[in-house]
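Novice: No letters, just coordinates:
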């Protein structure tokens, strides 16, 4: 069978669109793209962006592809009392449950994911949406 | 490009001021300073301070620089229902989300961070503030 | 004190030059750049490059900056019977002791490092050298 | 029973003596002291010393106390074909098997250890010996 996935060129286009939005918001960010296998394709840390967000951006992207869901929606399901509470302890600490990770889709197929970290949850989400729209 | 960071002499001055406050409060503490890259510059464990706080003091300092925020404020944002709930699972367990870590600033620039662990949250915070003020 | 470090623009130029050499050699590769603090600035995985080399490229770059030495030269010193035998057990498995990591220098100052993984040691080294030359 | 161990004042004296030797050799170093429990008492990274040596200095000190032996002597026993070959895989990567870690003794009793990392094995050893002599 074939797996539909992102290329490095796709990842760069996605990241570039995220950077444009990050500059517009005045929020230096880390932006990462993973492929259909959940493995990193490309990452950038904009000048001045948090060093603690390197890991988070990569793992937001991983998480979004790992479960084919935005990290924001996963977070809603991972809140205390919800069905996936505790999921962040799985996968050796790679599961991020707050906004900024979005699956990359080609039609109905998830072909990878983008993860953004550097600002508020709302900013990360907005940058990730702008990035994903460029696929 | 250039990055402004703390020297070992700076770190010692910061730690020394923290120790003075810790003695004043009667609370033996671990005190650590990281540089602009988040890497440890110096650490001391005062006689009688908790051995479990070695790691915590170093990682509070790391966290404060990793996100340019006090660990107390990060903790508020990492509570259930808040925008960064779950962030403590990132960065391989190095993210501390309770009081005692403070960025070290030279004007508007974060040049490193100090982390204190050994007493109550309020004590750790007070010692960290006294330490940071000595930069 | 001030530390001289690479910007994202620097990292992209370095990676781009590495990609040109990798295409010339017909060897898809992972290429990563870290800054003066050893923290990731940018990473790319060329289409078809090994997924096991994501981690290796990033950690070759880390290692080269962590010890201001090429990973090839560190490897010579880390062989059985040599002065640093066993160093690969340090730093939580992040120390790579085979060719492909090179410090990035501005004059005499190490401002970061590049790490390449994907082919033979000789290929990784050649790509890293081409990348570093573009700083 | 009583455990004889180093105080923070002892650790500072030891580290200070190491720094004097490091300056004399022109080799910026990381220097760490652990107590009888193998737990960190104090650490300094001299300006310009390798960031990869933070972990190594702390773990050389740990190793020397963990086995009451210099890391150089342990290394001889951990070489391929020797009785402790493979020991560096134990203790979660904390066992360092190259020169620079020395037990701190009060008479015949090991009360802690010092670990030095930053230069050649011979330099690290010389600095550690100067440090240990100041106990």
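Specialist: Yes, it's here. Owing to the predicted nature of the structure, the values given are computational and were not obtained by experimental measurement.

Novice: And the helices in chain A?
Specialist: A:8-25, A:53-67, A:71-77, A:121-132 (DSSP state H).

Novice: would you turn those into a markdown table with mean pLDDT, mean neighbour count and distance to chain B?
Specialist: No exception for glycine: its C-beta is placed from N, CA and C like everyone else's. Formatted as a markdown table, the helices of chain A follow (pLDDT from 0 to 100; neighbours: other Cβ atoms under 10 Å in any protein chain shown; distance: least, Cβ to the nearest Cβ, whole Å):
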| stretch | mean pLDDT | mean neighbour count | distance to chain B |
| --- | --- | --- | --- |
| helix A:8-25 | 98 | 19 | 15 |
| helix A:53-67 | 98 | 28 | 5 |
| helix A:71-77 | 97 | 21 | 7 |
| helix A:121-132 | 98 | 23 | 4 |
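
Novice: how much space is there between residue A:56 and residue B:94?
Specialist: Per Cβ to Cβ, to the nearest Å, residue A:56 is found 12 Å from residue B:94.

Novice: hang on, I meant residue A:23
Specialist: 29 Å.

Novice: ok, now residue A:72?
Specialist: 24 Å.

Novice: And residue A:14, by the same measure?
Specialist: 28 Å.

Novice: got it, and residue A:15?
Specialist: Residue A:15 is 25 Å from residue B:94, by Cβ to Cβ.

Novice: Likewise for residue A:110?
Specialist: Going from residue A:110 to residue B:94 by Cβ to Cβ gives 30 Å.

Novice: Please apply the same query to residue A:105.
Specialist: Residue A:105 is 33 Å from residue B:94, by Cβ to Cβ.

Novice: For those two, work out which one has more neighbours and name it.
Specialist: It is residue B:94, of residue A:105 and residue B:94, that has more neighbours when counted by other Cβ atoms under 10 Å in any protein chain shown, with 18 against 15.

Novice: That one touches residue B:60, doesn't it?
Specialist: No - in this structure, residue B:94 is not within contact of residue B:60 by Cβ atoms under 8 Å, at 9.6 Å.

Novice: what is in contact with these two at once?
Specialist: By Cβ atoms under 8 Å, 6 or more residues apart in numbering or on different chains, residue B:94 and residue B:60 have no common neighbours.

Novice: For beta bridges, what are the partners of the most centrally placed residue in chain A?
Specialist: In chain A, the residue lying closest to the centroid (Cα atoms, centre = their mean) is residue A:115, at 1.8 Å. Following DSSP bridges, residue A:115 is listed with bridge partners residue A:32, residue A:101.

Novice: residues touching it, list them.
Specialist: Counting by Cβ under 8 Å, 6+ apart, residue A:115 has contacts A:31-34, A:56-64, A:71, A:96, A:100-102, A:128.

Novice: run the last query once more with 10 Å
Specialist: A:18, A:30-34, A:40, A:43, A:53, A:56-65, A:71, A:96, A:100-102, A:124, A:128, A:131 (Cβ atoms under 10 Å, 6 or more residues apart in numbering or on different chains).

Novice: now it: how far from residue B:88?
Specialist: 17 Å.

Novice: what do you get for residue A:134?
Specialist: 32 Å.

Novice: Residue A:34 now?
Specialist: Applying Cβ to Cβ to residue A:34 and residue B:88 gives a distance of 22 Å.

Novice: Can you pick out the residue with more neighbours from these two?
Specialist: residue A:34 (32 against 19).

Novice: so who does the spatially closest residue to the more buried one that is not a sequence neighbour touch?
Specialist: If the residues on either side of it in the chain are set aside, residue A:34 comes closest to residue A:61, at 4.3 Å by Cβ to Cβ, 6 or more residues apart in numbering or on different chains. Going by Cβ under 10 Å, 6+ apart, residue A:61 touches A:11, A:31-35, A:38-43, A:71, A:96, A:100-104, A:112-117, A:128.

Novice: next one: residue A:93
Specialist: Neighbours of residue A:93 in contact, by Cβ under 10 Å, 6+ apart: A:55, A:59, B:88, B:89, B:90, B:91, B:92, B:93, B:94, B:95.
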